[in-house]
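Asks: Pasting the sequence and the predicted model now:
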Amino acid sequence: MKKLNVLLLFLLALSCSPKLKSNVITSFNPLEKDDLVIVLKISDDQLIEGDKVGSVKATDNGMSVNCTYYENINSLKKLAMQSGANVIKITRQKIPDKWSTCNRLWADIYRVDDPKLLETQIEWSEDRKLTWDDFKGKPDRENYPNALALTNSGFGYESGNNMFKEGEVFVQSVFNTNSSWVLQEGRTDYVLRHEQIHFDITEIYSRKLRKELADAKVTSSELLRAKTIFDKVFNEMQKRQEKYDRETARGDKTETQENWEAIV
């Protein structure tokens, strides 16, 4: 079963790289490049049980570019990994304004034993398949009485521009752990395969969006054109997701399910 949510990030950063700084109070060995680092938003009130490594920030150096939220989050991840931290908790954020064209971020960083326990969003990765532990939400039997499991995933885009060049448009697909759920009787490998394909379809259409934006040469100064393309691709994905559930009877038709897995 699939529930779609639209993630629209229209963040304009009109602005050399952001000013990055870390303050380390507890030393750990640096993480490997494939190690998981998660980001918790300001509103996330989960208890973080682990060692506080220090703090990091990405601010404006006066003439910064490449400092959208997406880019600064990636910069903070690199700082955290260098310090051996695998959790970033955003503590303060300033969106672009008349004083700065950057999305400025401040965060505390931690080292925990299992960061997956705190994970609220999962970026699609060929090497990261979903597990039932990723489905953390409460089952909604009222609205989905015939569903054994539900995947909540979506894609969105963010743009940034600066005074020196047209900014890039970034596209990302994510799985939302706290809005995805499974019934106890649905915890089978077969049902999990069905839900993984829903997330894979989301990724396919995020790539389609990325390609169509590139083919149309859409820049960060043309968000209305970007939204038109986004709406078209999102509607196409929604129809494909519905067709997938319909043709597989939400995974009950084994042969049809396997055909869809081959296609995807």
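Replies: Received it, and whenever you're ready, just let me know what you need.
Asks: For the residue nearest the centre of the chain, give me its contacts.
Replies: Centroid check for the chain by C-alpha atoms, centre = their mean gives V174 as the closest residue, at 3.8 Å. With contacts defined as C-beta atoms under 8 Å, 6 or more residues apart in numbering, V174 is in contact with 7, 121-124, 153-155. C-beta coordinates here come from the backbone N, C-alpha and C atoms, glycine included.
Asks: and which of the residues you listed is nearest A226?
Replies: Within those, proximity to A226 (C-beta to C-beta) peaks at F155, which comes in at 12.9 Å.
Asks: how close does the closest one get to L117?
Replies: Distance of F155 to L117, computed by C-beta to C-beta, to the nearest Å: 25 Å.
Asks: These two: who's more crowded?
Replies: When neighbours are counted by other C-beta atoms under 10 Å, F155 and L117 differ, and F155 comes out ahead with 27 against 13.
Asks: that's a helix at the more buried one, yeah?
Replies: No: secondary structure of F155 (DSSP: H, G, I helix; E, B strand; the rest coil): strand, not part of a helix.
Asks: is it true that it touches S173?
Replies: Yes: if you go by C-beta atoms under 8 Å, F155 and S173 touch, sitting 4.1 Å apart.
Asks: what sits in contact with each of the two?
Replies: Common contacts of F155 and S173 (C-beta under 8 Å, 6+ apart): 202-203, 205-206.
Asks: can you tell me which two in these are farthest apart?
Replies: E203 and Y205 (7.5 Å).
Asks: what's the overlap in contacts for those two?
Replies: Joint contacts of E203 and Y205 (C-beta under 8 Å, 6+ apart) are 155, 173.
Asks: that older thread, quick one: strands adjacent to the helix or strand hosting the residue nearest to the centre of the chain?
Replies: Using DSSP states H and E, V174 sits within strand 169-176. Strand 169-176 pairs in its sheet with strand 121-123 (antiparallel), strand 149-159 (antiparallel), by DSSP bridges.
Asks: Among those, which comes closest to E195?
Replies: Proximity to E195 (C-beta to C-beta) singles out strand 149-159 among the strands paired with strand 169-176, at 4.6 Å.
Asks: can you map out the strands along the stretch 51-200 of the chain?
Replies: Along the stretch 51-200 of the chain, the stretches classed as strands by DSSP state E, counting those that start in this stretch are 51-59, 87-94, 104-111, 121-123, 149-159, 169-176, 181-182.
Asks: Nearest to A214 among those would be which one?
Replies: strand 169-176 (8.4 Å).
Asks: which regions of the stretch 51-200 of the chain sit below the pLDDT cut-off?
Replies: For the stretch 51-200 of the chain, the stretches flagged by pLDDT under 70 are 62-65, 160-168.
Asks: which residues touch L130?
Replies: Taking C-beta under 8 Å, 6+ apart, we find L130 in contact with 122, 151, 175, 192, 195-196, 199.
Asks: hmm, try it at 10 Å
Replies: Contacts for L130 (C-beta atoms under 10 Å, 6 or more residues apart in numbering) come out as 122, 124, 151, 153, 175, 177, 180, 192-193, 195-196, 198-200.
Asks: which of those lies closest to V218?
Replies: W124 (21.8 Å).
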